[in-house]
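Student: Sequence and predicted structure below; questions after.
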Amino acid sequence: MTSRQTPPSSPDEGGPQSPGEDLAALLERLLALPRSGTQKDLAREAGISYPTLNAWMNRTRGTSRIPPEKLRAMVEVFRRWGVRTTPKEFFEAVGRPVPGPSRDEREARLLKLYRQLPEARQRALIKDAEAMLQVSRIT
């Protein structure tokens with residue numbers, strides 16, 4: 001190896017995400033690593049039905065509405081297998097920004113405020129939150 005060449009990354013590390021890599025390509029790359037399991041293993045351990053995961057892999061089912069919990073669950077499975085990956089990789093692969101962490105304190109405060117509102121304002125708040133979520137998925 002010359003001084004201008006960079007050493008190859010360890011296959012168990014996961015390596016950098018390819019630009020424009022969609023979820024199918026990301027999963028294919030990570031599942032091909034030596035320490036990874038199979039699609040069936042991933043589906044079972046992440047709590048996703050195998051037909052759903054397989055449809056994402058074959059690009060026959062859209063990925064834009066995958067719940068954040070499912071994306072995070074897949075990250076955790078790969079990490080248990082010793083594969084380096086991040087939630088950011090998964091959220092970028094489905095074209096969404098990574099949601100901020102949810103803290104119990106913040107959720108409790110929001111729920112307390114919500115419960116103090118009249119019913120009409122509660123409905124309005126839900127609509128506003130849904131609109132904010134839609135905008136965050138677009139940008």
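Tutor: Received, thanks. On a predicted model such as this, the values are computed, not experimentally measured, just so you know. Residues are numbered from 1 along each chain as shown.
Student: Helices of this structure, start to end?
Tutor: 23-31, 39-46, 50-57, 68-80, 87-93, 104-116, 119-138 (DSSP state H).
Student: how about those helices in CSV, adding mean pLDDT?
Tutor: Compiled in CSV, the helices of the chain are given as follows (pLDDT from 0 to 100):
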stretch, mean pLDDT
helix 23-31, 96
helix 39-46, 97
helix 50-57, 96
helix 68-80, 94
helix 87-93, 93
helix 104-116, 88
helix 119-138, 88
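Student: Mean neighbour count added to these, as CSV?
Tutor: C-betas here are computed from N, CA, C, even on glycine. Compiled in CSV, those are given as follows (neighbours: other C-beta atoms under 10 Å):
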stretch, mean neighbour count
helix 23-31, 19
helix 39-46, 17
helix 50-57, 16
helix 68-80, 17
helix 87-93, 19
helix 104-116, 10
helix 119-138, 11
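Student: phi, psi of the nearest residue to S136 once chain neighbours are set aside?
Tutor: Of all residues not flanking S136 in the chain, P97 sits nearest, at 6.0 Å (C-beta to C-beta, 6 or more residues apart in numbering). In this entry, P97 is assigned phi and psi values of phi -70, psi 160 (degrees, to the nearest 10).
Student: Give me the pLDDT value at P97.
Tutor: In the prediction, the pLDDT value recorded for P97 is 84.
Student: show me the contacts for the residue nearest the centre of the chain.
Tutor: In the chain, the residue lying closest to the centroid (C-alpha atoms, centre = their mean) is L71, at 2.8 Å. For L71, the contacting residues are P87, F90, F91, V94, taking C-beta atoms under 8 Å, 6 or more residues apart in numbering as the criterion.
Student: Quick check, the first one in contact with V75.
Tutor: Yes: with the criterion set as C-beta atoms under 8 Å, P87 and V75 qualify as a contacting pair; they are 5.3 Å apart.
Student: Which one of the contacts of L71 is nearest to E105?
Tutor: Ranking the contacts of L71 by separation from E105, with C-beta to C-beta as the measure, puts P87 on top at 21.1 Å.
Student: The closest one and L111: what is the separation?
Tutor: 24 Å (C-beta to C-beta, to the nearest Å).
Student: Fine by me, we can end here.
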